[in-house]
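>>> got a predicted structure plus its sequence, pasted below:
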Amino acid sequence: MSSDAAVPLNYVALGDSAASGPRIPDQVGAPGCQQSDANYPHVLAEELAVASFVDVTCSGAVTENIVSTPQGTSSGEVPVQLDALTPETDLVTVTIGGNDIGLVSTAVQCLTFADTSATNVCKDRLTAGGVDTVVAAIADSAPSWGAMLDAVAERAPDARILVVGYGTYLPDGGCFPTQPMLPEDADYIQGSITAMNEALRMQANEHGAEFVDTEPLSVGHDVCVAADQRYFEGVVPQNPAAPLHPTAAGMAAIADGVATVVRAG
């Protein structure tokens, strides 16, 4: 696999809205994919001065939209993301998994404006009967992530494949009522993100890819801090970004983290 960052790379970015950058100006590409020219793939391409760059990240994407099923969007169907890869591709980044396990919809279920009612603790509902439904969804999806990485490697056999994880959206205990989620639920949601990242890391390790952990670099830049310090937006965005998604500053920080990994070889 190519790891010499001194040679201009042919770079392809795959993934979902955590990579595409919905509502971050300027929006480019297929309108239904809500892709920003300030998302981390675009920033990374500029930082690395790549030889060629193709960004097929698309909001709402699930793993099958990368490997087998064209994605329907509000502006029409977009091709399978894997079609962007060629034998000449040197670098691939992929951020996927959140939609496979319904991460955003699960987080939305946890929103509440009541501060003391046990009926509003979504952790209890999601772990009823001793079965953690999010953990179960991660376990169900993990094999498809490994298969996807194998498919990427088959299409781009000389490429370095980086699985870029999801960040620290919530601090310990959250920040109710600034963000309307009770402390135990905030910890449950961020814990679920960490569990998904660990599953993605394991699949990357087992399938010849590398995992880029964005949780550490985003600590202290969660949805609870001042707007100008946020790498992720809250329920009511104060920056031009979709709720519960990276901001432009967050995208730049992720790009820096990925660039560091690429340059380190």
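Ah, there it is. Numbering: from 1, shown residues only.
>>> residue ranges with poor pLDDT in the stretch 1-150 of the chain?
Applying pLDDT under 70 to the stretch 1-150 of the chain flags residues 1-6, 116-120.
>>> where exactly do the helices run in the protein?
Secondary structure of the chain (DSSP state H): helices at 17-20, 40-48, 63-67, 103-109, 122-126, 133-155, 183-206, 215-218, 248-264.
>>> pLDDT on the last one, on average?
In this case it means helix 248-264. Here helix 248-264 scores 98 as its mean pLDDT.
>>> pop out the phi and psi values for the nearest residue to residue 156 once chain neighbours are set aside.
If the residues on either side of it in the chain are set aside, residue 156 comes closest to residue 89, at 3.8 Å by Cβ to Cβ, 6 or more residues apart in numbering. C-betas here are computed from N, CA, C, even on glycine. For residue 89, the backbone dihedrals are phi -70, psi 130 (criterion: degrees, to the nearest 10).
>>> show me what contacts residue 89?
Neighbouring residues of residue 89 by Cβ atoms under 8 Å, 6 or more residues apart in numbering: 10-12, 155-156, 158-159.
>>> type out the ChimeraX command that picks the buried ones from these.
Here is the ChimeraX command that picks out the buried ones among the contacts of residue 89, judged by 16 or more other Cβ atoms under 10 Å:
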select :10,11,12,155,156,159
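>>> can I get the contacts of residue 89 in TSV including distance to residue 112?
Compiled in TSV, those are given as follows (distance: Cβ to Cβ, whole Å):
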residue	distance to residue 112
10	47
11	42
12	41
155	44
156	45
158	50
159	44
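>>> among the contacts of residue 89, which pair sits farthest apart?
Within the contacts of residue 89, 11 and 155 form the most distant pair, 14.2 Å apart (Cβ to Cβ).
>>> that older thread, ok, the residue nearest to residue 156 to residue 52 distance?
To residue 52, residue 89 is 9 Å away according to Cβ to Cβ, to the nearest Å.
>>> cool, residue 22 as well?
Distance of residue 22 to residue 52, given as Cβ to Cβ: 25 Å.
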